[in-house]
Each structure stands twice: as C-alpha cells, then as structure tokens.
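Engineer: A predicted structure for the sequence below; I have some questions about it.
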Amino acid sequence: NTEDTLVVPVDYLKEYGVKVYRMIYHGEMNPFRITKHLNIILSEQGEVVLKKFLEEVLGLNEHNISAETLNKVRKLIAELRQPPAVKPLGRDKYYVVYRCVRAFTASVYVPIENSITESHVSYVETRSEDVAYYYAAILNYLAYMVVRSGRTFNRTQYARPLLAIYIAGLSWNNMDEVTRGRVAVLSRRLHEKAPAKEYSNQRIALQEVAGLPEFKELVEILDAKVDKAKLSDALSLVSGVGIEANEGSTG
C-alpha cells in the first residue's frame, strides 16, 4: 500500500535469494473457488536476509520516494515474518486447499511455479485429479452440513475436517466407485460455476452454492450414503451448538 515504486536491481534478487511467490490467502477462498492470489516476496535464505534485502532497497530508493512510503517500508521491515525455509507446492501434484479457521470451505488447486499457502490455509496433496475434486466436494459438503444443522464452526480446524471425513465414512476408499466418480464430476462443474465474489462470511457463501443444481445433487447423493450417527459424530469434531454472527468471516 505504498504510493511509490521501489526499483530493485535484478542482481539483488539473486544475491538475497528473493523471489515472487503466488500465495493462496484464506480470505480469498470460497467453496469451490479461489477468487484471486496474492503476489508476495520471500527469501529462500530466511527472514533476516529478507529484511536486509528490504533495507538495501530502501537505501537505494530513499531519495526518490515520499516520507510516507519510507515510513511504511520501515514499518514493514520491523513487522514482517517468514518461515526459515520456503517450500512451494509441487507442480506435479493436485491439491485440495481449505480454510483451517472456522468454516473449512475448500477448492482444488493446481500449482504454478512458486505457489505457496498462507498459514491459515491447510491442504491435502494427491497425484490424482479425481481424488482432489472428490475431497474438495466432501469438505464443502461437511461444511454445509454444519450450516444446515444450525451449528457453529470451531474456531481452529487444521486437520479436524480430514478426520471428520474419516469418521463420517466418506473417505475415497470407503466410497463405491460409481458414487465417488459422480461426486468428482459434480465437483468439477461446481468449480466452474461457483461465484467469484466476496462474501461477508462463509455461511452466506455455502448457502449460495447450495442453490446450484450440482450442489443439490451432491447433497442428495451423500445424504443417501452417509450414516446419520457417524455424520453427527463427524460434525461434533468440527462444530458445536449455536451460531456466531460473524462466523467464517473473510476478514
């Protein structure tokens, strides 16, 4: 959010191991849709080196930028955090990415070079496109079941939605071939049709997706397959009773 552009010699990028990464951010994720990605810079050599890089860049540009920009970048240098090692997603894999705070809405993602996830995004890695589309559908189905049953999402999810899939008996290996094939087909269509827009919270996003005929069919299929007692146990792992006003906020 600076008003000026900082010019960086290409050699500096190589010296400090700095690259531009395509980050999946939880606030830009909806059911069956990643609305956009954020371009960020990180150093392969870690946080200390990234800060040194920015300090050098600031020194090179300080006479050509405003005091406001100068102060913003100085504040950025003081506050920024990055992991010691940067591990991009594998380009030969298919990923199911999902929010790991409150509403665990999910989408399939096929990485391009230097793709990474933000810390509030969890993912499942697979070599099979069908498996990825299947699990994205199952995660969104379970999230919708939380909404439909009037429950409240747990604040932290992380691996809980995956365990919930297992408890509900909805894992890939537990499902018959015809059903999981149809679920994957419906998931592909929903990835094409899901709205690319902002929502104030993910409950609204799930309710809007629930109006699509493909999602209605998906719910009908899975409702017929899932054991109600097991589903209840699964939902208890990721949710509780009651509803919170701002649950699943994109902010």
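Structural biologist: That came through, no problem.
Engineer: can we go C-alpha only for contacts and neighbour counts from here?
Structural biologist: OK.
Engineer: which residues of the chain score low on pLDDT?
Structural biologist: Applying pLDDT under 70 to the chain flags the ranges 242-251.
Engineer: can you give me phi and psi for the most far-flung residue of the chain relative to its centre?
Structural biologist: Most distant residue from the mean C-alpha position of the chain: residue 63, 39.3 Å away (C-alpha atoms, centre = their mean). Residue 63 adopts backbone torsions of phi -90, psi -10, taken as degrees, to the nearest 10.
Engineer: same deal with residue 158?
Structural biologist: According to degrees, to the nearest 10, residue 158 has phi 50, psi -110.
Engineer: I'd like to know how many residues surround the nearest residue to it once chain neighbours are set aside.
Structural biologist: The shortest distance from residue 158 to any non-neighbouring residue, by C-alpha to C-alpha, 6 or more residues apart in numbering, is to residue 100 (4.6 Å). When neighbours are defined as other C-alpha atoms under 10 Å, residue 100 has 23 of them.
Engineer: And residue 100, how far from residue 27?
Structural biologist: 11 Å (C-alpha to C-alpha, to the nearest Å).
Engineer: now do residue 188
Structural biologist: 22 Å.
Engineer: One more: residue 121?
Structural biologist: 10 Å.
Engineer: Correct me if wrong, but residue 134 is in a helix.
Structural biologist: Yes. If the criterion is DSSP: H, G, I helix; E, B strand; the rest coil, then residue 134 is within a helix.
Engineer: Common neighbours of residue 121 and residue 27, please.
Structural biologist: Common contact partners of residue 121 and residue 27 (C-alpha atoms under 8 Å, 6 or more residues apart in numbering): none.
Engineer: Which parts of the helix or strand hosting residue 163 count as buried, going by neighbours?
Structural biologist: In the assignment (DSSP states H and E), residue 163 maps to helix 160-167. Buried positions in helix 160-167, judged by neighbour count with 16 or more other C-alpha atoms under 10 Å: 160-162, 164-167.
Engineer: Give me the contacts around it.
Structural biologist: Helix 160-167 has contacts (C-alpha under 8 Å, 6+ apart) with 104, 138-139, 142, 171, 230-231, 233-235, 237-238.
Engineer: any chance of these in JSON lines, with neighbour count too?
Structural biologist: JSON lines is the format used below for the contacts of helix 160-167 (neighbours: other C-alpha atoms under 10 Å):
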{"residue": "104", "neighbour count": "30"}
{"residue": "138", "neighbour count": "26"}
{"residue": "139", "neighbour count": "26"}
{"residue": "142", "neighbour count": "25"}
{"residue": "171", "neighbour count": "18"}
{"residue": "230", "neighbour count": "17"}
{"residue": "231", "neighbour count": "20"}
{"residue": "233", "neighbour count": "13"}
{"residue": "234", "neighbour count": "23"}
{"residue": "235", "neighbour count": "24"}
{"residue": "237", "neighbour count": "16"}
{"residue": "238", "neighbour count": "27"}
